[in-house]
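1. got a structure for you, letters missing:
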């Protein structure tokens, strides 16, 4: 605790923001601004992270970051700037992914980070293609402090899109998120909890096809975000 800090910008995920709000009144700050992201599904520790990367990446030793994106692939960024896009169905050693994410995270009640002033993330942004670091984000302005932060960023050139685009269906009819969860996301959750046997990954071509088809006709935008929360 720094006694000379009077105005603070805090950035964190839901569980961190929950803890901050619990002690906010004891901090003695003149102003507190809270910027949050959605849950980032962090592994429990370095060993679990390496287990996951070995299962997902061809060169895990050079990976510097990853994200589960709306195209149903894991985007992995490497030290040399290249990206891998790995279908979520094609992990090489799925048996080693059990327990990578803490079980308590699957019981999270604040995936959307509801106690922030401003929440930013990719989860409800329609899939645009390209790299994860260049993709559009969505934001939820929760109060006047959140609006103040957005207006400050707009003064530096930030552009806000059409809010209606979050629910855009596109040209193809899309499956309701309720029909996608049992067949695709449910088994992956069961695997994480050790509640089903590990099956071998499908052939790479089939994993790629599954990712393409589900991205094309599965939930997108706000529905993708709701499916992620339901999972």
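-> That came through, no problem. All values reported here derive from a predicted model rather than from experimental measurement.
2. Show me where the protein dips below the pLDDT cut-off.
-> Scanning the chain for pLDDT under 70 picks out 1-3, 95, 162-201, 230-231.
3. Can you show me the helices along it?
-> Assigned by DSSP state H, the helices in the chain fall at 14-23, 46-56, 103-106, 144-154, 177-180, 186-192, 204-217, 222-230.
4. Tell me which residues touch residue 59, please.
-> residue 78 (Cβ atoms under 8 Å, 6 or more residues apart in numbering). Every residue, glycine included, has its C-beta placed from N, CA and C.
5. From residue 161, how far off is the residue nearest the centre of the chain?
-> With distances taken as Cα atoms, centre = their mean, residue 40 lies nearest the centre of the chain, 4.9 Å away. As judged by Cβ to Cβ, to the nearest Å, residue 40 and residue 161 stand 23 Å apart.
6. Please apply the same query to residue 62.
-> For residue 62, the distance to residue 161 - Cβ to Cβ - is 34 Å.
7. most packed of the helices of the chain?
-> helix 222-230 (a mean of 19; mean count of other Cβ atoms under 10 Å).
8. and that helix, how far from the chain's centre?
-> 11 Å (Cα atoms, centre = their mean, to the nearest Å).
9. Taking helix 204-217 as reference, get the angle to that helix.
-> Relative orientation of helix 222-230 versus helix 204-217 (axes from the mean of the first three to the mean of the last three Cα atoms, to 10 degrees): 120 degrees.
10. Give the other helices and strands that helix 222-230 contacts.
-> helix 177-180 (3 or more Cβ pairs under 8 Å, 6 or more residues apart in numbering; DSSP states H and E).
11. related to what we said a few turns ago, would a markdown table of the helices of the chain with distance to residue 93 be doable?
-> As requested, those are exported to a markdown table (distance: least, Cβ to Cβ, whole Å):
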| stretch | distance to residue 93 |
| --- | --- |
| helix 14-23 | 28 |
| helix 46-56 | 4 |
| helix 103-106 | 20 |
| helix 144-154 | 42 |
| helix 177-180 | 25 |
| helix 186-192 | 12 |
| helix 204-217 | 14 |
| helix 222-230 | 24 |
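12. Nearest to residue 73 among these would be which one?
-> Nearest of those to residue 73, taken as Cβ to Cβ: helix 204-217 at 5.5 Å.
13. what packs against the closest one?
-> Going by 3+ Cβ pairs under 8 Å, 6+ apart, helix 204-217 lies up against strand 83-87.
14. Residue 5 and residue 77: what is the separation?
-> Residue 5 is 33 Å from residue 77, where distance means Cβ to Cβ.
15. When these two are compared, which one has more neighbours?
-> Neighbours were counted for residue 5 and for residue 77 using other Cβ atoms under 10 Å; residue 77 has more, 18 against 11.
16. Can you verify my assumption that that one contacts residue 63?
-> Yes - using Cβ atoms under 8 Å, residue 77 makes contact with residue 63 at a distance of 7.1 Å.
17. Contact partners for residue 10?
-> Residue 10 neighbours (Cβ under 8 Å, 6+ apart): 17, 20, 32, 33, 34, 35.
18. how many other residues sit next to residue 38?
-> Residue 38 - counted by other Cβ under 10 Å - has 22 other residues nearby.
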